[in-house]
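1. predicted model and sequence follow; I will ask about them next.
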Amino acid sequence: MRVPLPQPVPRHWLRSAIPLAVFTLLLVYLWARSLRALSGCRPGAQSCIAREPPPFQVRQQSGPLEAPEREGPQCLGPQGMLGRMMRPFRASLNPERDVELSQYLAGWRELVRFLAPLGSIFAFATSEASAKVTALEALVHGPEAAHYTSLATMVAWERPGIAPRLSAGCPGSLTMLLLHRALRWSQLCLHRVATGMLGGPDAGAQCSDAYGTALAPHHPWFVRQAAHLAFLAFPGRGRLLELACPGSKEAEARNALVQAAGTLEDVYNRTQSLLAEGGLLELA
């Protein structure tokens, strides 16, 4: 009697199973990171402040902060997606070489709105970013709000021995560091999408490479693998440019995205300097 052969797995099941596996891995990782952030700094550490971290700033690559004098596309205007994002981020850079936290978080809110429609990888990233923005907003508007007006005042307040009532270690500084790394990835991704050459790597490959530079060194192996799988479903360059600057020509959309990436880069560099001065770059 012949034994019947097992039926092959349907292709549509495989297509559904891969994204489900990616989502499950990322959910587990985000849940673990949330528990770690709530419990304070690295287990066993006696201080939230690392000593003498190696300062590092990215090389300016996305152009100057100032907008061009000629009238730009509508996406850079008051009602445009990129314009709404760039204004609070620019406003966060005060003349005292500090970063105003309320404006910084308002810029992040707009950045999340921009990134959220771009697919599953951004959905998870923006969900985690939104939770961190909410946590920092609670400090900015909480009972100790006077110590959370800017990045410099927050770092000074959360130093050991200054704020003994902080039971969670350095909640604001740790959360800020994680947002800071995510901002670097966003900046690199947008800049590479805007400046990519025809016939070169597609947007998914470029943003995956940006992930490898900015975030992968801080993630465990299984999260890195899940992220690289998710980038396979990343939207194309044309779709990203259309979302960033609807109704504009490709050249205009690219230029607008370069300006937006330049703003993020300026904010990143300012924040990097302040975190380095406070000894916070190795906090997590």
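-> Everything's here; your move.

2. check Ile121 and give its pLDDT.
-> The model reports Ile121 with a pLDDT of 60.

3. kindly report the same for the one 3 residues further on.
-> If you check Phe124, the pLDDT there is 62.

4. isn't Tyr104 up against Arg90?
-> No: Tyr104 sits out of contact with Arg90 when judged by CB atoms under 8 Å, with a separation of 10.6 Å. Where C-beta positions appear, they are placed from N, C-alpha and C, glycine not excepted.

5. and those two? Which one has more around it.
-> Applying other CB atoms under 10 Å to Tyr104 and Arg90 shows that Tyr104 carries more neighbours, namely 26 against 16.

6. which ones are touching the more buried one?
-> Tyr104 makes contact with 88-89, 92, 151, 267, 271, according to CB atoms under 8 Å, 6 or more residues apart in numbering.

7. in JSON lines: those residues, plus secondary structure, neighbour count and pLDDT.
-> Output for the contacts of Tyr104, formatted as JSON lines (DSSP: H, G, I helix; E, B strand; the rest coil; neighbours: other CB atoms under 10 Å; pLDDT from 0 to 100):
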{"residue": "Pro88", "secondary structure": "helix", "neighbour count": "21", "pLDDT": "97"}
{"residue": "Phe89", "secondary structure": "helix", "neighbour count": "24", "pLDDT": "97"}
{"residue": "Ser92", "secondary structure": "coil", "neighbour count": "25", "pLDDT": "97"}
{"residue": "Leu151", "secondary structure": "helix", "neighbour count": "26", "pLDDT": "96"}
{"residue": "Val267", "secondary structure": "helix", "neighbour count": "25", "pLDDT": "97"}
{"residue": "Thr271", "secondary structure": "helix", "neighbour count": "22", "pLDDT": "96"}
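
8. closest to Leu111 among those?
-> Compare each of the contacts of Tyr104 with Leu111 using CB to CB and the shortest gap goes to Phe89, at 8.0 Å.

9. once you drop chain neighbours, what's closest to that closest one?
-> Counting by CB to CB, 6 or more residues apart in numbering, the nearest residue to Phe89 once its immediate chain neighbours are dropped is Gly107, at 3.6 Å.

10. show me what the helix or strand where Ser127 lies is packed against.
-> For Ser127, the element it lies in under DSSP states H and E is helix 120-140. Contact analysis of helix 120-140 by 3 or more CB pairs under 8 Å, 6 or more residues apart in numbering; DSSP states H and E lists helix 11-38, helix 101-115, helix 171-195, helix 221-230 as its packing neighbours.

11. tell me the angle of the last one relative to helix 120-140?
-> To tie it back to what came earlier, the one meant is helix 221-230. Comparing the axes of helix 221-230 and helix 120-140 via axes from the mean of the first three to the mean of the last three CA atoms, to 10 degrees yields an angle of 120 degrees.

12. what's in contact with the helix or strand just after helix 221-230?
-> The C-terminal neighbour of helix 221-230 among helices and strands, as given by DSSP H and E, is helix 237-244. Helix 237-244 is contacted by residues 75, 81-82, 114, 117-118, 190, 193-194, 196, 202-203, 235, 248, 250, 253-254, 256-257, 260 when judged by CB under 8 Å, 6+ apart.

13. does Pro246 belong to a helix, a strand or coil?
-> Three-state secondary structure (criterion: DSSP: H, G, I helix; E, B strand; the rest coil) places Pro246 in coil.

14. where does the stretch 101-250 of the chain have low pLDDT?
-> Judged against pLDDT under 70, the low-scoring parts of the stretch 101-250 of the chain cover residues 119-125, 160-169.

15. tally of neighbours for the residue lying closest to Cys189 once chain neighbours are set aside?
-> Nearest residue to Cys189 in three dimensions, chain neighbours excluded: Cys207, at 4.0 Å (CB to CB, 6+ apart). Counted with other CB under 10 Å, the burial measure for Cys207 works out to 25 neighbours.
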